[in-house]
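1. would you be able to build a 3D model of this:
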Amino acid sequence: MELLDTWWSYIREGLNHVSPILALVLALIFGFGAGSVQAVLLGAVGAAIIYVVIDALWPVVFHHQVFVMPVMDSAFGHFFLSLFLAFLVLIGLIYIVKSAIAGIRG
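-> Reported below is the predicted structural model:
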C-alpha cells in the first residue's frame, strides 16, 4: 500500500501545475486521431511532449519574456510522468468512445 501512496503523491504533485484547457485540447486532438491502442500510447507521449513545449514557449510568445528551458530534475520527471498518465487515460477514453460509436454506426 505504501507503494501506491508514493505513486499517488507523485501524480498529485505533478498534476497541480497542469492547465486543464490545454490538456483537454491536446487530448481531444490525439484521441480523435488515434486509430489503434499503439496510437493511444504514442499519442500520450506526444501530447505530453507538446504540452511541455507549449508550456515553455507560452510566456515567450504572449508575454515577451526570455525563454527558459525546463529544469530536468526529479520534479520534472514527476510532472512528465503525471502528464503521460493523464493523457493516457484521457486519450484512451476518447479512443474507446470513438470506437464504440463507430461500431454502432457500422
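
2. so which elements touch the longest helix seen in the chain?
-> For the chain, the helix with the greatest residue count under DSSP state H is helix 74-105. Helices and strands touching helix 74-105, by 3 or more Cβ pairs under 8 Å, 6 or more residues apart in numbering; DSSP states H and E, are helix 2-15, helix 20-33, helix 37-63. (Glycine included, C-beta is placed from N, CA and C.)

3. out of the ones you listed, which is closest to Asp73?
-> Relative to Asp73, the nearest member of these by Cβ to Cβ is helix 2-15, separated by 12.6 Å.

4. tell me what angle that closest one forms with helix 74-105.
-> 90 degrees (axes from the mean of the first three to the mean of the last three Cα atoms, to 10 degrees).

5. use 56 as the first number from now on
-> I'll keep to 56 as the first residue from here, and by that count the last item is helix 57-70.

6. list the contacts of helix 57-70.
-> With contacts defined as Cβ atoms under 8 Å, 6 or more residues apart in numbering, helix 57-70 is touched by 130, 133-138, 140-141.

7. list buried residues within the residues you listed.
-> 133-135, 137-138, 140-141 (16 or more other Cβ atoms under 10 Å).

8. make CSV from the residues you listed and add pLDDT and distance to Val152 to it.
-> Output for those, formatted as CSV (pLDDT from 0 to 100; distance: Cβ to Cβ, whole Å):
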residue, pLDDT, distance to Val152
His133, 82, 29
Phe134, 85, 27
Phe135, 90, 26
Ser137, 86, 23
Leu138, 90, 21
Leu140, 89, 19
Ala141, 90, 17
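
9. between the helices and strands packed on helix 129-160, which one is closest to Lys153.
-> Short answer: helix 75-88, nearest of those by Cβ to Cβ, at 6.4 Å.

10. next, the buried residues of the closest one.
-> Going by neighbour count (16+ other Cβ under 10 Å), the buried part of helix 75-88 is 78, 81-82, 84-86.
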